[in-house]
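Student: from the sequence below, what's the structure:
(2 chains)
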Amino acid sequence: MNPESFENLRLELRRGCLVLAVLAALRREQYGYTLRKTLAEHGLEIDEGTLYPLLRRLETQGLLASQWREEDKRKKRFYLLSPGGAQVLDLLLAEWRSIDTSINEVLKEQTHGIA
Amino acid sequence: MELLERYLQAVKFWLPSRQSNDIVAELSADLYAQVEDRESALGRKLTTPEIEALLKQRGRPFLVANRFLPQRSLIGPALFPIYRFAMKVVFFCYLVPWLLMSLAIAFSGSIAPAARPSHAGPVWLGAVAQLSSRMIPTAFIALATVTLIFALIERAHEKSNFLEKWNPSQLPPLRNPNQIPRAASTFEMAVNWVFFIWWATHMNATQFSIGSSIHIAVSPQWSWFYWSYFILALANATLAAANLMRPYWTPLRATLRLLSDATGAILFCWLLKANLLVSIAIATVPQDKSLLITQAINLWMPRIFPLAIALTLLIAGLDIYRILRVQPSTTPPTA
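Tutor: Predicted coordinates:
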């Protein structure tokens, strides 16, 4: 297996999951850096070059709301899930669980087939 | 901290001015927060190499800024396969024939002597120099034109999404490589019969006239050429008729096609070398000029010989490929 191919597939798989993770993490208001740390603590490393454009895109889509505030003598932009974003998060989570169930069923079926 | 500001300034340079302050302020907050985090963990200020390592990890300023820009491409992934196909067509059907023709002309000595400086080296070097000076702009214009057209189509596609509108019933019919199109056989048969009749009625002589003013004389060896082409045209017309009746290639018919093409090409190559033209007399041209024209034709025909050989090999190669492709067990397609 080519490690580069695996890395590409892994990134592709993670891309959609990151949106879900960001929306879920922003049920609590955070600014970019703390959000990155929160995600990293939960095993989802995301670099700033991916996170900030993603935050902007989600905000443009109306899923997030943001505001500049001063904290620790530095201006920071805080993000929070919008009501529309909360609805989308629920739908995405349902979709995520459905995919998870389907994959498990496919795996279970194949395991039985092999056995 | 000057290095951090320089980094942010470099990122800002590549950002659209409308958003640059906002994006840079956010990146700045993130960057300084990360530095402070590290410093509090280490209990000291970060050194310059450590800051450099941190910035390197974040990436080149241009690439960082690029992620905030809308992802646009001159020719998008939807059109790219068609664009690549068009480029190949232009390359193989326009540039390569153009290059081959230019090479043939250049190496048969048709480069104007005035175009070569008197101190120039070998003739071939001058020919290559002259050719490449014409080749580069020609290739550039051809490929740039295709790219420009596709860029315009891409812009139109972004607005109308016209590629999504299609009709499955308009897909091309299933291709059978062994099928011979009836239209091609009909055309081939018609051309061969017209040629055969013209050849039989006009070319069985050693002196021909075109209108009343041009008279051509050829050597007696012409009769060999005449009869060979007579038989060949008849054979080709018969083969085309057989192809029309049974429109699929069989190993036998594919081999016959190879033999007929090879015979025709060999005869043509022989014609180029045989020096059959004796004289051309043109009523309105003085005799000495007519002689010059005859000599020029006799001089030029052997020079085309290498090109004719190359063409012969190409045709034979395609015919051999067809023989290899045809399965012996091929059954006629059900109509």
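
Student: check contacts around whichever residue of chain B sits closest to chain A.
Tutor: Per Cβ to the nearest Cβ, B:Ala33 is where chain B lies closest to chain A, at 4.0 Å. C-beta: built from backbone N, CA, C; applies to glycine. Applying Cβ atoms under 8 Å, 6 or more residues apart in numbering or on different chains to B:Ala33 gives the contacts A:Tyr33, A:Arg74, A:Lys76.

Student: run the last query once more with 7 Å
Tutor: A:Tyr33 (Cβ atoms under 7 Å, 6 or more residues apart in numbering or on different chains).

Student: just the pLDDT at it, thanks.
Tutor: pLDDT for B:Ala33: 92.

Student: just the strands in the chain please.
Tutor: Going with chain A. Counting by DSSP state E, chain A has strands at residues A:30-31, A:64-71, A:74-81.

Student: other chain: chain B
Tutor: For chain B, the strands defined by DSSP E cover B:207-210, B:214-218, B:277-282.

Student: what residues does chain A have near chain B?
Tutor: A:Tyr31, A:Gly32, A:Tyr33, A:Glu48, A:Gly49, A:Tyr52, A:Pro53, A:Arg74, A:Lys75, A:Lys76, A:Arg77 (Cβ under 7 Å from any Cβ of the partner chain).

Student: any chance of those residues in JSON lines, with distance to B:Ile280 and pLDDT too?
Tutor: Conversion of the residues of chain A next to chain B to JSON lines gives the following (distance: Cβ to Cβ, whole Å; pLDDT from 0 to 100):
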{"residue": "A:Tyr31", "distance to B:Ile280": "92", "pLDDT": "94"}
{"residue": "A:Gly32", "distance to B:Ile280": "87", "pLDDT": "93"}
{"residue": "A:Tyr33", "distance to B:Ile280": "90", "pLDDT": "93"}
{"residue": "A:Glu48", "distance to B:Ile280": "82", "pLDDT": "89"}
{"residue": "A:Gly49", "distance to B:Ile280": "77", "pLDDT": "88"}
{"residue": "A:Tyr52", "distance to B:Ile280": "81", "pLDDT": "94"}
{"residue": "A:Pro53", "distance to B:Ile280": "76", "pLDDT": "93"}
{"residue": "A:Arg74", "distance to B:Ile280": "95", "pLDDT": "86"}
{"residue": "A:Lys75", "distance to B:Ile280": "93", "pLDDT": "90"}
{"residue": "A:Lys76", "distance to B:Ile280": "93", "pLDDT": "92"}
{"residue": "A:Arg77", "distance to B:Ile280": "89", "pLDDT": "94"}
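
Student: what sits against the residue nearest to B:Leu271 when sequence neighbours are not counted?
Tutor: Excluding the flanking residues, the one nearest B:Leu271 by Cβ to Cβ, 6 or more residues apart in numbering or on different chains is B:Phe225, at 6.0 Å. B:Phe225 is in contact with B:Leu267, B:Leu271, B:Leu276, counting by Cβ under 7 Å, 6+ apart.
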